[in-house]
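Visitor: Any chance you could fold what I've pasted below:
(one chain, ligands or ions: 1)
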Amino acid sequence: MSEKLQTYDEVKKEILAVLEGEGNLVARMATVSNILHHRFDHYYWTGFYIVDPQKPDELVVGPYQGTMGCLRIPFGKGVCGAAAAERETQIVDDVHAFAGHIACDANSASEIVVPVVNKHGDLIAVFDVDSLEKAAFDADDQKGLEAIISGAFS
Ligand code: SME
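Guide: Predicted coordinates:
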């Protein structure tokens with residue numbers, strides 16, 4: 001197992017221990033964003049876009065760490081919108097070359113977005129991490145983050 005995957009494994013245990021017994025979704029999302037953001041140097045913007053119950057084809061910003069994020073993202077738009085529409089993790093090595101990318105912060109260079117699905121199989125949010133470096137996220141980030149997100153929300 002790579003050093004990065006080992007770190008994700010440790011972070012997962014820490015997150016699940018802190019979340020034990022906490023049912024509030026905002027508290028859970030805030031804690032996941034905070035712990036991950038402060039553990040990895042390649043994280044620049046870290047947070048959730050939540051499926052808006054009033055507009056189910058739109059994401060609205062949730063708990064996050066970093067510079068100010070856009071408030072709303074329609075399904076299918078940008079990297080977050082693609083992850084929501086396809087329900088598949090997206091890794092983009094160069095966001096400026098991604099058609100339809102939503103530039104909330106022009107300093108972001110690459111990103112990973114993981115769909116958040118609850119125990120009933122419903123998409124409730126996406127988890128978005130941006131980096132200042134190009135190609136900052138790889139298969140280990142995907143594996144580590146998917147395990148944390150599914151452990152915390154499904
Ligand atoms: N870059 C994202 C928008 C959200 S922010 O980066 C915080 C996208 O294209 O989905």
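
Visitor: So which residue is dead centre in this protein?
Guide: residue 127 (1.9 Å; Cα atoms, centre = their mean).

Visitor: what's near enough to touch that one?
Guide: Contacts of residue 127 were listed using Cβ atoms under 8 Å, 6 or more residues apart in numbering, and they are 32, 47-48, 113-114, 116, 145, 149. C-beta here means a position set from N, CA and C on the backbone, and glycine is covered the same way.

Visitor: Quick check: the two most widely separated of these?
Guide: Greatest spacing in the contacts of residue 127, by Cβ to Cβ: 32 and 113 (14.2 Å).

Visitor: And the ligand, is the helix or strand hosting residue 38 touching that?
Guide: For residue 38, the enclosing helix or strand under DSSP states H and E is helix 25-39. No: against the ligand, helix 25-39 shows no contacts by Cβ under 6 Å from any ligand atom, the least distance being 11.5 Å.

Visitor: Measure how buried the residue in the chain that the ligand sits nearest to is and give me the count.
Guide: Closest approach of the chain to the ligand (Cβ to the nearest ligand atom) occurs at residue 78, with a separation of 2.7 Å. Number of residues near residue 78 (other Cβ atoms under 10 Å) recorded here: 26.

Visitor: What pLDDT does the model give the nearest residue to it once chain neighbours are set aside?
Guide: Of all residues not flanking residue 78 in the chain, residue 102 sits nearest, at 3.7 Å (Cβ to Cβ, 6 or more residues apart in numbering). Here the pLDDT value assigned to residue 102 is 86.

Visitor: now swap in residue 152 and tell me
Guide: Here, the pLDDT recorded for residue 152 equals 98.

Visitor: What of residue 62?
Guide: Confidence score, pLDDT, at residue 62: 98.

Visitor: who touches residue 154 in this structure?
Guide: Contacts of residue 154 by Cβ under 8 Å, 6+ apart are 117-119.
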